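Student: A structural model of the following input is requested.
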Amino acid sequence: IGAGVVSIVGSAIAATGYSVWLAFLVACILSFVRILPVIFFTSAVSIEGGRYGMITRCAGMKYGGLITLSSLLNWSRRGTAVIALCGYIADFLPDSNSKLITLLIWAFFCAANLFGIDVMSKIQSIATPLLLVALTVFSAVCIANTQRGYLDFSSPQMFSGGITGFFTAVVLLSYACDGIASLSNYATKTHSPQKNIPLAMIIVSAVTTVIYVAVGFASGAVLPLEYTAGKTLTVTAKAVLSPLFYNIFIIFGPVFALLTTMNA
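Tutor: As a prediction, the model looks like this:
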């Protein structure tokens, strides 16, 4: 579950209005099409280096160098997760030094990952189920409180930015979907990788599609568009959850989504 599901959904709502859940669906479908070559490759060959290893094996070292350079640009945008975490901490603990807390959390994950994939995977195995439960419960509560006219496709608030706005939202939300191919990085550390890596990619694609469409639907379902466009999920969560469950959701939902991205 990528950081984009909690850090970019407000920007996507601003771009396309109530059709944000459809934009999430399209982003997930295009993401799956994009990783099909990776699925086919990992089902046939198990190599080190993930996408770098695949490109080098197929096209030579020169093109491996190109994928390395493109990865530098890709990793620079991972700062989105750190910035978003700082924002959620500021909302959750308004009197705290949110920047310092965020840097300490980042330092913890950097230190934990020095101990190898076993430590990283243990953190994920605890955080991810809690994250899934939190997002599922949040989505269910919001869907149960859907405002009248939310699914009116003739409404100006559905596809509010036109076709350009819709595909702008698709591009934004694709950030939440592009981590699945990184499963190929673990091919040489996985039992029966030629079976399990492709299977994992397919299962994760299916699960994230359901979760992302549900969260996208829920994010705009309860409040008028002007309250949710450009905002985080905290605005909607405050409107539908009691203070206790709001605090639980912020920790296990948005914060854990960002933490698992930072850890991975």
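
Student: Show me where the stretch 101-250 of the chain has its helices.
Tutor: Assigned by DSSP state H, counting those that start in this stretch, the stretch 101-250 of the chain shows helices spanning 117-144, 162-173, 193-221, 225-228, 234-240, 243-250.

Student: Out of those helices, flag the one nearest W75.
Tutor: Across the helices of the stretch 101-250 of the chain, W75 has its closest neighbour in helix 117-144 (16.3 Å, C-beta to C-beta). For the C-beta atoms, the positions are set from N, CA and C on the backbone; glycine is no exception.

Student: Find me the pLDDT at L225, would you?
Tutor: In this model, L225 is scored at 88, pLDDT.

Student: Tell me who's in contact with it.
Tutor: 13, 17-18, 157, 160 (C-beta atoms under 8 Å, 6 or more residues apart in numbering).

Student: Could you identify the pair within those residues that is furthest apart?
Tutor: I13 and Q157 (9.9 Å).

Student: More neighbours: these two, which one.
Tutor: In terms of neighbours (other C-beta atoms under 10 Å), I13 is the more surrounded of I13 and Q157; the figures are 26 against 18.

Student: For that one, which residues are in contact?
Tutor: 20, 169, 219-220, 225, 228-231 are the contacts of I13 under C-beta under 8 Å, 6+ apart.

Student: One more pass at 10 Å, please.
Tutor: 19-21, 23, 157, 160, 169, 216, 219-220, 225, 227-231 (C-beta atoms under 10 Å, 6 or more residues apart in numbering).

Student: May I ask which of those has the most neighbours?
Tutor: V20 (32 neighbours).

Student: For it, give its distance to I123.
Tutor: 30 Å (C-beta to C-beta, to the nearest Å).

Student: again, but for G165
Tutor: 37 Å.

Student: Which one, of the helices of the stretch 101-250 of the chain, ends up nearest to S184?
Tutor: Closest approach to S184 among the helices of the stretch 101-250 of the chain is made by helix 193-221 (6.2 Å; C-beta to C-beta).

Student: Point out the other helices and strands that that closest one packs with.
Tutor: Using 3 or more C-beta pairs under 10 Å, 6 or more residues apart in numbering; DSSP states H and E, the elements in contact with helix 193-221 are helix 4-7, helix 9-16, helix 20-44, helix 117-144, helix 162-173, helix 225-228, helix 234-240.

Student: so the second one versus helix 162-173, what angle?
Tutor: This means helix 9-16. Going by axes from the mean of the first three to the mean of the last three C-alpha atoms, to 10 degrees, helix 9-16 is angled at 160 degrees with respect to helix 162-173.
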